[in-house]
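A.B. asks: Got a sequence here, can you build the structure:
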Amino acid sequence: METIKREVLFSRMIGLISESELLSLENKRVAVPGCGGTGFTYAECLIRMGVGNINIADADTFGPENMNRQFGCTMETVGLKKSAVLEQRLKSINPNVNIATVDFIDEDNIHQYLDGVDVVCDTLDFFVIEPRRLLYKVAREKNIPVIICCPVAFGVTSHIFLPNAMSFDEYFDINDQESEQDQLIKFGNGLTPSSLFKSYATSPSLDFQNKKVASLSSSCLMATSYGSNIALMLLLGYETGFKPVPYCYQFDIRSGQFEEVLKK
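C.D. replies: I've put the predicted structure just below:
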């Protein structure tokens, strides 16, 4: 395969960012735990923007039920491991990208997983709460910002957690004494405090028993685009224009609404 220089691969970014900034992205590392509905396209978007190092995590395999929203899922990849499909995809974009992969994040590997990471893009499944809390706790200890942009109905929500601002547990008012379902309910309510979808739907269609939520591929891509832009600005030290928690932002195309919400 012909080797194509980095300055050619990402040259169309010049003008929006400088050549020196593009060069700096080669040494940046992002963590994208989750390779499904948003994680797969988050990772691809960041690598296409010149990020040279990425940590991914997912033990799951693609199933036909993933076809509606997970861009790594095709007829050819059903049954294949999501992280392996993503790794192959990223290498096909930039053969020099450095990829570190684990199946799960837990107490045993979280510190190593986050070593050298500049920004975390939280793309874990909604129903994963204990590893998510661990991720935010250790990222905060390591002075790493975490972004979570979630697809919700025909829209997206955005939260930025900075190491010197409100913590994940503080924002969602979660503690160890609560049941997993109670923690997830608080997590869901904190993600969508304005519930903009209620202008056309009575609920976000969360199925706690089967751990499923209704979703659209377009909303997943919107979350990816939104979050990847914020991640890029954090990597380059730009002002994002969006405040960290306790502020959050919600945009819903079907209802035609955008809101900044301050949690009190």
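A.B. asks: Quick check: residue 229 vs residue 156, distance?
C.D. replies: Separation of residue 229 from residue 156 (Cβ to Cβ, to the nearest Å): 12 Å. (Each C-beta comes from the backbone N, C-alpha and C, glycine too.)
A.B. asks: now do residue 242
C.D. replies: 12 Å.
A.B. asks: Please say which of the two ends up with more neighbours.
C.D. replies: Taking neighbours as other Cβ atoms under 10 Å, residue 242 and residue 156 compare with residue 156 leading, 24 against 17.
A.B. asks: quick check, that one in a strand?
C.D. replies: Yes - Residue 156 forms part of a strand when assessed by DSSP: H, G, I helix; E, B strand; the rest coil.
A.B. asks: so what's it bridging to?
C.D. replies: Here residue 156 sits in beta bridges with residue 151, residue 251, going by DSSP bridges.
A.B. asks: Let me see the contact set for it.
C.D. replies: With contact set as Cβ atoms under 8 Å, 6 or more residues apart in numbering, residue 156 has these partners: 149-150, 219, 222-223, 226, 250-251.
A.B. asks: From residue 55, how far out is the residue nearest to residue 34 when sequence neighbours are not counted?
C.D. replies: Once flanking residues are discounted, residue 34 sits nearest to residue 123: 3.7 Å by Cβ to Cβ, 6 or more residues apart in numbering. Per Cβ to Cβ, residue 123 is found 12 Å from residue 55.
A.B. asks: With residue 77 instead?
C.D. replies: From residue 77 over to residue 55 the distance is 21 Å, taken as Cβ to Cβ.
A.B. asks: Comparing those two, which residue is more hemmed in?
C.D. replies: residue 55 (23 against 20).
A.B. asks: neighbours of residue 177, just the number please.
C.D. replies: Residue 177: 7 surrounding residues under other Cβ under 10 Å.
A.B. asks: Tell me the confidence at it?
C.D. replies: Per-residue confidence at residue 177 stands at 96 (pLDDT).
A.B. asks: Now do the SS call for it.
C.D. replies: Under three-state DSSP, residue 177 comes out as coil.
A.B. asks: ok, longest helix in this structure?
C.D. replies: helix 217-236 (DSSP state H).
A.B. asks: Isn't residue 217 up against residue 71?
C.D. replies: Yes - with contact defined as Cβ atoms under 8 Å, residue 217 and residue 71 form a contacting pair (7.4 Å).
A.B. asks: hang on, isn't residue 159 packed against residue 245?
C.D. replies: Yes - if you go by Cβ under 8 Å, residue 159 and residue 245 touch, sitting 5.4 Å apart.
A.B. asks: More neighbours: those two, which one.
C.D. replies: Applying other Cβ under 10 Å to residue 159 and residue 245 shows that residue 159 carries more neighbours, namely 25 against 21.
A.B. asks: need the contact list for the residue nearest to residue 34.
C.D. replies: Residue 123 makes contacts with 32-39, 42, as judged by Cβ under 8 Å, 6+ apart.
A.B. asks: circling back: just put the contacts of residue 156 in a markdown table and tack on pLDDT.
C.D. replies: Output for the contacts of residue 156, formatted as a markdown table (pLDDT from 0 to 100):
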| residue | pLDDT |
| --- | --- |
| 149 | 97 |
| 150 | 95 |
| 219 | 96 |
| 222 | 97 |
| 223 | 97 |
| 226 | 97 |
| 250 | 96 |
| 251 | 96 |
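A.B. asks: between these, which is nearest residue 7?
C.D. replies: Ranked by distance to residue 7 (Cβ to Cβ), the contacts of residue 156 are led by residue 226 at 27.6 Å.
A.B. asks: who's in contact with residue 220?
C.D. replies: 37-38, 41, 69-71, 151.
A.B. asks: Apologies, that question was intended for residue 25.
C.D. replies: Counting by Cβ under 8 Å, 6+ apart, residue 25 touches 10, 49-52, 235-236.
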